[in-house]
Structure formats: C-alpha cells, structure tokens
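Enquirer: no sequence on hand, only this structure:
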C-alpha cells in the first residue's frame with residue numbers, strides 16, 4: 001500500500017479515496033538519507049532481538065548496527081545494501097500464485113484480510129458475512145479463480161517444456177487435482193514469473209486483473225536484462241508505480257508485504273549498481289550447492305515444371321559445367337567451388353542431438369519422449385520477418401575436400417499473418433504448425449538452415465487456444 005506517493009503530483013489516482021486506502025495521497029516519495037544522517041541515526045544503537053512491538057514515537061527503527069558501518073568509506077557508498085532480486089522475485093511469485101490459486105496458508109486473501117478491509121472501511125463489496133448456518137463467508141473478488149480457471153492456469157505450467165538446463169521440471173510441482181503448486185526452487189519462480197506465467201494468465205481472469213500482472217512480469221524481465229540503458233530504466237521507473245497502484249486496486253492490503261513493496265526501489269538500485277545478475281544470489285547459492293555436492297560425492301503448370309526441372313537438375317548441370325572448364329578457368333573459379341561441384345560424398349551422418357555454442361538441440365521425435373524441449377528454433381532475418389520452426393533432422397554432409405557441413409531440417413510455420421502466425425492482444429506470438437511452408441513444392445523452398453543461423457526457442461501449449469502453440 002502507499003505506492004501513490006511515487007505517482008506524478010497531478011495524477012488523478014492521488015485524489016481517489018474509494019479504490020485505495022480511503023484517503024487522498026498528497027505526499028511525495030520518501031527521501032533517501034545520506035551517509036551522515038544514517039551514522040547519526042545509528043549512534044548509540046544497541047543491537048537487540050527482533051521484536052514486533054511498536055517503537056516509541058520519534059525512535060528510529062534500527063534493530064542493529066551492521067559491522068559494515070565500521071568501514072570508513074561505507075557511509076559514502078551510494079548503494080550500501082543490495083536488494084536481492086532473486087528472493088524478491090520468489091516472494092512475489094509466491095504471493096501471486098498463493099492468492100490466485102487460493103492455496104491454504106499461502107493466500108493473502110483470507111478471512112483476516114477481509115476483516116482488515118472491514119476495519120479500514122474499504123471495499124464494502126468484499127466484506128465477510130455470516131450465512132444462515134452460522135458460517136462466515138466472503139464474496140468472490142475480481143481475482144478469484146473458478147476451478148476450471150485454476151485447472152487451465154496450472155495446465156499451462158504443467159505442460160510447459162523448456163530446453164535442457166533452462167529450469168527444473170516444473171510439472172512435478174503442479175498438482176492438478178488439488179489445484180495447487182509447491183516445492184518450487186528460486187530459479188523455477190524466475191522462469192515462471194518472466195516466461196510462463198504471462199502465458200498462463202491469458203484468458204483466465206478479466207483484463208483489469210491480467211494486464212497489471214503481465215506488466216509486472218515484463219518489469220522483472222526488463223530489469224533482469226543483460227544490458228540496461230538509462231532511457232529504459234527511466235521508462236521502468238515511471239511505469240512501476242502505476243503497476244503497483246493497479247495491483248493495490250485488485251488485491252487486499254495483506255498482499256503487499258515488505259518484499260512486494262521493495263519492487264518500487266529496484267530500478268533505483270539498477271541505476272546505482274548495474275545489471276542485477278552481478279548482484280543477485282544465484283551464483284552464490286550455486287557455488288554453495290556445488291560445494292555440498294562435492295562433499296557428498298555425487299500437379300503443376302509449365303512454369304512450375306520449369307522450376308522443378310531447375311531444382312532437380314541444377315547440381316548435375318553445375319558439375320558438368322565445371323568439368324568442361326580448362327585449368328585457368330578452374331583456378332579463377334576457386335578450389336572450393338570446383339571441389340564442391342562434385343557434390344558431397346554419398347555417405348552422410350544423421351544426428352539426433354547437436355550442440356551449437358553450448359546450446360543443445362534435439363530432433364522433434366526425440367523431444368516427444370522427453371520432459372524438456374530442445375527442438376524449437378527461430379531464424380531472424382535482417383530487416384525482415386522471424387521464422388519459427390521445429391527441428392526434424394540433423395544431417396552432416398562431407399565434401400571431397402573433407403569440408404563438413406551440418407544442416408538443420410525444420411518444419412517451418414507459415415508466418416503469413418492470421419494464417420500460421422499472429423500476435424494477440426497481450427503482445428504474445430501465436431504460432432500454428434498446422435500451416436507449414438518450405439515443404440519443397442517450389443524452387444525457392446528451403447527447409448534447411450545452418451546451425452549458426454538459428455536461435456533456440458520453446459513453445460508452450462495453451463489449452464484455451466484450440467489451434468496453435470504459444471511462444
């Protein structure tokens with residue numbers, strides 16, 4: 001709560017009482033104290049145990065004095081303490097999943113939260129009431145999911161298959177019968193938040209609920225980028241207060257724990273400390289885990305006919321053309337083209353798996369037997385469209401000069417708008433592999449690409465979409 005303080009002074013939400021905490025918000029964001037002010041506040045602080053008791057008026061809320069403040073330069077640091085994005089993201093995902101799925105012990109929309117709304121005289125339509133049988137009930141909120149909506153949401157998480165090493169097997173954490181999810185690792189929450197949850201949310205709840213949550217997922221994805229530009233951070237800094245205020249209009253006050261509130265400060269820390277992957281806890285926890293593992297040891301027209309003849313006869317024509325050249329012409333043509341005119345050797349090697357720049361690719365038939373997905377590829381053309389495909393064959397051919405080439409043969413989706421590809425209202429790419437191109441019907445068809453031309457992608461099936469796959 002209280003995120004309206006970061007809005008522009010003339011924003012209409014500052015004067016909106018009913019949809020927020022019942023009062024106008026005329027104040028600005030808090031100022032960050034400088035080092036001298038912090039040292040003054042810490043002067044005489046005695047380390048004490050954590051307590052839930054309220055502090056007397058005027059007393060500074062310091063529980064202990066960190067030993068880091070003994071360093072002579074520490075008070076002059078611009079970023080004295082780092083907010084760990086890894087744990088922040090994990091707690092935010094826990095709050096969202098627990099509340100949307102109404103999981104016992106994890107939801108922030110419980111009886112106590114509804115009673116708080118009554119005490120605060122907010123959102124009367126959500127206040128609890130007593131039924132005829134004496135049982136206390138409370139009305140469904142805008143974010144309350146039906147059993148089918150929960151099942152559809154979790155089905156996307158359960159069926160999502162990602163490349164090897166991308167994340168752990170999230171499907172093992174999903175319990176479809178109970179409509180719950182649990183046992184997620186921190187990196188699982190990272191992948192769910194930034195990649196899978198926005199897809200799963202589509203078409204479940206109303207747009208007023210889904211859009212702010214998708215925007216929040218996009219915010220975390222942006223601040224976790226490898227490269228951060230100042231203009232992008234300025235945009236995010238203006239965007240996050242609006243996202244948080246939209247969430248305030250949706251969820252009860254108990255949803256906004258301290259770990260949810262610190263989201264408002266993440267952009268500032270990116271400006272001071274740089275990209276988050278230099279500052280979060282993933283490498284530290286990974287090193288710790290590695291040390292623990294070490295210690296524990298473990299029909300056609302004439303034009304079409306012409307195209308077909310050209311396609312079928314080009315190689316033999318090119319070979320006979322080179323054979324007729326004299327020595328000087330062959331030298332001018334180049335040794336590699338002369339050798340390649342002979343064509344590749346008759347023997348070729350076919351693989352089921354291939355690693356390119358450290359990225360594992362697998363053919364579609366192998367992928368269908370796996371829990372992970374490594375057959376998704378895309379090719380981005382310069383100033384042109386992006387082609388999406390599925391890898392079906394990996395073939396290595398060898399020419400007579402022993403030059404080897406690996407070819408990826410793929411099923412390519414028709415990227416013609418509204419036929420095999422389109423963007424939905426949330427900006428997601430929808431790909432339909434029932435409409436394919438480059439199947440060999442025309443001379444221009446070419447289902448093969450070189451491994452260094454592709455990037456790996458994965459596709460997530462959405463049960464709410466009858467045809468197609470969601471990227």
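Expert: Noted; the coordinates are in hand. What you are looking at is a predicted structure, and each value in this text was computed from that prediction instead of being measured.
Enquirer: can you check the pLDDT for the residue nearest to residue 436 when sequence neighbours are not counted?
Expert: Counting by Cβ to Cβ, 6 or more residues apart in numbering, residue 411 is the residue found nearest to residue 436 once chain neighbours are left out, at 5.5 Å. Glycine gets a C-beta too; all of them are placed from N, C-alpha and C. Residue 411 carries a pLDDT value of 93.
Enquirer: contact partners for residue 411?
Expert: Listed by Cβ atoms under 8 Å, 6 or more residues apart in numbering, the contact set of residue 411 reads 364, 389-390, 392, 433, 436, 447.
Enquirer: now tabulate those in JSON lines and tack on secondary structure.
Expert: Output for the contacts of residue 411, formatted as JSON lines (DSSP: H, G, I helix; E, B strand; the rest coil):
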{"residue": "364", "secondary structure": "helix"}
{"residue": "389", "secondary structure": "strand"}
{"residue": "390", "secondary structure": "strand"}
{"residue": "392", "secondary structure": "strand"}
{"residue": "433", "secondary structure": "coil"}
{"residue": "436", "secondary structure": "strand"}
{"residue": "447", "secondary structure": "coil"}
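Enquirer: mind listing the strands for the stretch 351-471 of the chain?
Expert: Using DSSP state E, counting those that start in this stretch, the strands of the stretch 351-471 of the chain run over residues 353-356, 359-362, 376-380, 386-398, 404-413, 421-423, 429-431, 436-437, 448-449, 455-456, 469-470.
Enquirer: out of the ones you listed, which comes closest to residue 463?
Expert: Within the strands of the stretch 351-471 of the chain, the stretch nearest residue 463 is strand 469-470; the backing value is 10.3 Å (Cβ to Cβ).
Enquirer: pLDDT of that closest one, averaged?
Expert: pLDDT averaged over strand 469-470 gives 56.
Enquirer: re earlier: quick one: the residue nearest to residue 436 and residue 284, what's the gap?
Expert: 42 Å (Cβ to Cβ, to the nearest Å).
Enquirer: okay, now the closest residue to residue 125 other than its chain neighbours: neighbour count?
Expert: Once flanking residues are discounted, residue 125 sits nearest to residue 139: 6.3 Å by Cβ to Cβ, 6+ apart. Look at residue 139: counted by other Cβ atoms under 10 Å, it has 12 neighbours.
Enquirer: need the per-residue pLDDT for the residue in the chain sticking out farthest from the centre.
Expert: Distance from the centre of the chain peaks at residue 326, with 59.2 Å (Cα atoms, centre = their mean). Per-residue confidence (pLDDT) for residue 326: 81.
Enquirer: gap between it and residue 15?
Expert: As for residue 326, its distance to residue 15 is 89 Å (criterion: Cβ to Cβ).
Enquirer: make sure residue 188 is indeed in a helix.
Expert: Yes. Judged by three-state DSSP, residue 188 forms part of a helix.
Enquirer: ok, now which ones touch it?
Expert: 167-168, 170, 173.
Enquirer: thinking again about what came up before, which stretch among the strands of the stretch 351-471 of the chain comes nearest residue 222?
Expert: That would be strand 429-431 among the strands of the stretch 351-471 of the chain, by Cβ to Cβ, at 17.9 Å.
Enquirer: which other helices and strands does the closest one contact?
Expert: With contacts taken as 3 or more Cβ pairs under 8 Å, 6 or more residues apart in numbering; DSSP states H and E, strand 429-431 sits against strand 421-423, strand 469-470.
Enquirer: picking up where we left off before, what sits opposite the residue nearest to residue 436 in the beta ladder?
Expert: Judged by DSSP bridges, the bridge partners of residue 411 are residue 390.
Enquirer: domains of this protein?
Expert: Using automatic domain parsing, the domain parsing of the chain gives 82-289, 314-343, 344-470.
Enquirer: let me know which of the strands of the stretch 351-471 of the chain is the nearest to residue 11.
Expert: Nearest of the strands of the stretch 351-471 of the chain (Cβ to Cβ): strand 421-423, 30.1 Å.
Enquirer: rewinding a little: okay if I get the strands of the stretch 351-471 of the chain as CSV plus distance to residue 143?
Expert: Formatted as CSV, those follow (distance: least, Cβ to Cβ, whole Å):
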stretch, distance to residue 143
strand 353-356, 43
strand 359-362, 38
strand 376-380, 32
strand 386-398, 33
strand 404-413, 34
strand 421-423, 26
strand 429-431, 25
strand 436-437, 40
strand 448-449, 44
strand 455-456, 34
strand 469-470, 22
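Enquirer: low pLDDT regions in this protein?
Expert: 46-60, 288-314, 417-418, 443-444, 466-471 (pLDDT under 70).
Enquirer: swap in 80 and give it another go.
Expert: Within the chain, the stretches with pLDDT under 80 are 1, 44-64, 284-321, 330, 332-338, 340-341, 382-384, 416-419, 440-445, 463-471.
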